[in-house]
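Asks: this one's structure only:
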């Protein structure tokens, strides 16, 4: 049993979201708190812009719930940059205890699951879970300097420029986190660092199947099963992998990476990055939950746990996915 | 109130430790489960050696408690390498849900605090918290390639080659984690990346003072107050900083970085790295707790949340320290 049931059902009382111009041209544009006209956000480096977006999302989630800094018991955050500097430097601006986490692009659901556990256990009342990413900082850290003008292969995804924060509390709304399934690290031996969708889908399949086994629920229990950032190819593979095990998620599955961009040639398989599911879930999806267009949502952000060093040393890509169930109660 | 009191008092039921030849020449040599004669541990790269040490420590902690993989509900781990690859790749070898954390050299106490929370809340029965570091992988990632033969400045510390794992359970020993204080990110504006002790001590002071305020305890409540890896200079500064606030930790304070090595010229201020406090606490200190030579220990591992990119962009060094109280009950 890897699934926690939260007896006190911690609530999502607000969110804060921000995204770049390319992202806001798509589906999330009308739902985010702030649509950036310029992805530098007035900063001199992309890393500083990423940190500023994360800081904005955290502040906005607090503001949207009319909370002050001193009302918040903890900030749980991480990001894709080496030593999670966006999260750590954002945390420096708040006088709030900080729990640094790393789960690559599965950070949003990992931090929500940990936050819900700490609130459900009665230890704290209000926790902000947050993450973000930036296309340009991720490209130069994980791949090539943008100035090099490298050609992107067709199986690649586009790292989302954006950040999202979720304010979770012991009461204050009808939107509850009812359970969480913690994922295992799964490695199917994929070594192509441009094919994250294929690398990540076995980990997501593992976590989703575990969730359905542990809870006795079937996919149709949920109005929507939202995966993090598998992209178009990864989503297709996930549906195959789960279908092979007798679980058909096809009718109600959607992937944040697949839906975030208007389909144009450059993004190929869609969006990725910790900010992808953070922005899509906390703006577009949560809006539908609030309006009760969706009442039961399973959210599985997905992370690839590689580094340039591990790939350089010939390693394949271990992946993970943490799952949280969000329901109107 | 940033301190959690654990009503069910989660127990430390076993540990697993391993350290390199330089470390084992010092105080931990006779207490670790495995003393490596060679810091490559038979691997072709230092990163792989670091991962193998961490895997060893986790396995050994389970073996020392006569637990199998299927008995363990979760692994909580992180390390200093980019994208915490040691922890993620170690987790790949175990069929156990994995929670990746990042708190630099404060990872040991952060992961212990989270593990204790999840067990105390009744969600899980057995969790392994683990971390490690390697001198040679840290040097080439954070500083210079070893082959360059750079001169080390006198305020520098020596990253510990070693790993430690703590198996925490809901019952099974007299050694309990009674409470935890989650730290805030504190930045005093230090920019010298060779002077970690000075950078980290304000964060430790902040967390310790918060702990004493929240609990109403005085330093003398504890037989020992163990900080992570401040080194000799940082420890002196910490004693000054807390003394200025009317809290005298001098009589019962010790720093893992200060005591791990026999004092020779090369290490200057002593040991550092996530493995430093992980090895010292889980071998030397825990042995004294088991023998009841120490009955109440406050453990505050300390982390510097910088990256080479943040330093390169002119940033100072934000730091953090998470605190756990370990008591014989």
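Replies: Arrived safely. Just so it is clear, the structure is predicted and the values come from calculations on it, not from any experiment.
Asks: domain ranges for chain A, per the record?
Replies: A:8-169, A:177-328 (automatic domain parsing).
Asks: so for residue B:314, which of those sits nearest?
Replies: Nearest to residue B:314 among the domains of chain A is domain A:8-169; the distance by Cβ to Cβ comes to 9.5 Å. For the C-beta atoms, the positions are set from N, CA and C on the backbone; glycine is no exception.
Asks: ok, residue A:311 - contacts?
Replies: Contacts for residue A:311 (Cβ atoms under 8 Å, 6 or more residues apart in numbering or on different chains) come out as A:191, A:193, A:317.
Asks: by proximity to chain B, which residue of the stretch 1-150 of chain A wins?
Replies: Closest residue of the stretch 1-150 of chain A to chain B, Cβ to the nearest Cβ: residue A:121 (3.3 Å).
Asks: what pLDDT is listed against the residue nearest to that residue when sequence neighbours are not counted?
Replies: The shortest distance from residue A:121 to any non-neighbouring residue, by Cβ to Cβ, 6 or more residues apart in numbering or on different chains, is to residue B:121 (3.3 Å). We note a pLDDT of 96 for residue B:121 in this prediction.
Asks: residue A:262 too?
Replies: For residue A:262, the predicted pLDDT is 82.
Asks: separation between it and chain B?
Replies: Distance of residue A:262 to chain B, given as Cβ to the nearest Cβ, to the nearest Å: 30 Å.
Asks: show me where chain A has helices.
Replies: A:21-24, A:46-64, A:85-92, A:107-120, A:135-142, A:196-215, A:231-244, A:256-259, A:274-280, A:286-290, A:308-312 (DSSP state H).
Asks: for residue B:292, which of the ones you listed is the nearest?
Replies: Using Cβ to Cβ, the helices of chain A put helix A:107-120 closest to residue B:292, at 31.8 Å.
Asks: so what's the gap between that closest one and the chain middle?
Replies: 12 Å (Cα atoms, centre = their mean, to the nearest Å).
Asks: wait, residue A:35 touches residue A:25, no?
Replies: No: using Cβ atoms under 8 Å, residue A:35 is not in contact with residue A:25, being 9.2 Å away.
Asks: between these two, which has more neighbouring residues?
Replies: Ranked by neighbour count (other Cβ atoms under 10 Å in any protein chain shown), residue A:35 and residue A:25 place residue A:35 first, with 18 against 14.
Asks: residue contacts, the more buried one?
Replies: A:18, A:19, A:21, A:24, A:29.
Asks: before we move on, the earlier item: turn the contacts of residue A:311 into a markdown table, columns for distance to chain B and neighbour count.
Replies: Listed next are these as a markdown table, based on distance: Cβ to the nearest Cβ, whole Å; neighbours: other Cβ atoms under 10 Å in any protein chain shown:
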| residue | distance to chain B | neighbour count |
| --- | --- | --- |
| A:191 | 14 | 12 |
| A:193 | 12 | 17 |
| A:317 | 10 | 24 |
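Asks: pull out the buried residues from stretch A:116-126.
Replies: A:116, A:117, A:118, A:119, A:120, A:121, A:123, A:124, A:125, A:126 (16 or more other Cβ atoms under 10 Å in any protein chain shown).
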